[in-house]
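Student: Sequence first, then the predicted structure, then my questions.
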Amino acid sequence: MKTGLTLQEAIARESPEMQETIHQEADRLRAEYAIMQIRNDLEISQAKLAGRLGVSQAAVYKVEHAGKDLKLSTLK
């Protein structure tokens, strides 16, 4: 389905509330991807990163695969 709109134009047509939701979700996805990409670039395991950060491997996994369920307590 071709609409002739850019993504930014399509977002601009949405309500301010929806625009904020879209931007928040995009930020979340960028952060999730960045953590995984950095770890992969450094060629270290989740366990090794967890050790360096002083958290469990499960916490690193949860951050990398958080979806909408990331809570601050995951990082503690």
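Tutor: Sure, I can see it.
Student: helix or strand right after the longest helix seen in the chain?
Tutor: Longest helix of the chain, by residue count under DSSP state H: helix 16-41. Beyond helix 16-41 in the direction of the C-terminus, DSSP states H and E gives the next helix or strand as helix 46-53.
Student: Please state the mean pLDDT value computed over the following helix or strand past that next one.
Tutor: Heading C-terminal from helix 46-53, the first helix or strand you meet, by DSSP H and E, is helix 57-64. The average of the pLDDT scores along helix 57-64 is 87.
Student: could you give the angle of helix 57-64 to helix 46-53?
Tutor: 100 degrees (axes from the mean of the first three to the mean of the last three Cα atoms, to 10 degrees).
Student: Starting from residue 12, give me the distance back to residue 5.
Tutor: Computed with Cβ to Cβ, to the nearest Å, the distance linking residue 5 and residue 12 is 9 Å. Where C-beta positions appear, they are placed from N, C-alpha and C, glycine not excepted.
Student: With residue 6 instead?
Tutor: Using Cβ to Cβ, one obtains 9 Å as the distance from residue 6 to residue 12.
Student: Neighbours of the residue nearest to residue 47 when sequence neighbours are not counted, how many?
Tutor: In this structure, residue 47 finds its nearest non-sequential neighbour in residue 57, 4.4 Å apart by Cβ to Cβ, 6 or more residues apart in numbering. Burial of residue 57, expressed as a neighbour count using other Cβ atoms under 10 Å, amounts to 14.
Student: quick one, what contacts residue 57?
Tutor: Contacts were defined as Cβ atoms under 8 Å, 6 or more residues apart in numbering; by that measure residue 57 touches 45-47, 50.
Student: try 7 Å
Tutor: Neighbour list for residue 57: 46-47, 50 [criterion: Cβ atoms under 7 Å, 6 or more residues apart in numbering].
Student: Can I get the buried part of those residues as one ChimeraX selection?
Tutor: Buried members of the contacts of residue 57, identified by 16 or more other Cβ atoms under 10 Å, are gathered into one ChimeraX selection as follows:
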select :46,50
